[in-house]
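A.B. asks: got a predicted structure here, sequence first:
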Amino acid sequence: MPEEPRPPRVVPSEAPTPFTPSRLRYFVTVAEEGQFTLAAERLHVAQPALSKAIARLESDLGVKLLKRHARGVTLTAAGEAFLPKAQVGHRPLGDEDSSDATEGHERHPLILGMGRRPGPCGHISGCADSPAPR
């Protein structure tokens, strides 16, 4: 008896994703602090990891956002233009000054999560032909 064909395995895109919330938050914090060391302390991350994340953001965008100096950083023209967009993009949901559109409406926390358990077919990404678990 022939084996049933398995559904194709879904592989996440390898395309760069420069606008992750953490990269935007890192960039905004470095811009506010003017130093990688102070920003890393404020963010509770290692300074080399922060520096690497900012370098990756710049590489993915194709522009330098920060001008590095011996005693800190300053924003380039591209960094000045990008900062307001990054500030909006990393603002936490439910931020009090985010919008007047929610005035008079109840606020509820939004909880997001992603599991790493395999779906019914054994793949982490789930299975297109399998029924949803109950």
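C.D. replies: Structure's in. What do you need?

A.B. asks: okay, CA-based contacts and neighbour counts for the rest of this
C.D. replies: Will do.

A.B. asks: which residues of the protein fall in helices?
C.D. replies: Here the chain has its helices, by DSSP state H, at 21-33, 36-43, 47-61, 77-90.

A.B. asks: what comes into contact with the shortest one?
C.D. replies: Counting by CA atoms under 8 Å, 6 or more residues apart in numbering, helix 36-43 makes contact with Tyr26, Thr29, Val30, Glu33, Ala46, Gln47, Leu50, Ser51, Gly72, Val73, all of which sit outside it.

A.B. asks: what's near enough to touch Val73?
C.D. replies: Under the criterion of CA under 8 Å, 6+ apart, the neighbours of Val73 are Val30, Ala31, Gly34, Gln35, Phe36, Leu66, Lys67.

A.B. asks: any idea how far the first one lies from Glu80?
C.D. replies: Look at Val30 and Glu80: by CA to CA, to the nearest Å, they are 13 Å apart.

A.B. asks: of those two, give the one with the bigger neighbour count.
C.D. replies: A count of neighbours by other CA atoms under 10 Å puts Val30 above the other of Val30 and Glu80, at 26 against 14.

A.B. asks: do you know the pLDDT at that one?
C.D. replies: Per-residue pLDDT puts Val30 at 97.

A.B. asks: before we move on, what about Gly89?
C.D. replies: pLDDT at Gly89 comes out at 68.

A.B. asks: please apply the same query to Leu83.
C.D. replies: Note for Leu83: predicted pLDDT of 92.

A.B. asks: count the neighbours of Arg71 for me.
C.D. replies: Per other CA under 10 Å, the neighbour tally for Arg71 reads 8.

A.B. asks: nearest spatial neighbour of it, chain-adjacent residues omitted?
C.D. replies: Once flanking residues are discounted, Arg71 sits nearest to Gln35: 7.4 Å by CA to CA, 6 or more residues apart in numbering.

A.B. asks: quick check: phi and psi at that neighbour.
C.D. replies: phi -150, psi 140 (degrees, to the nearest 10).
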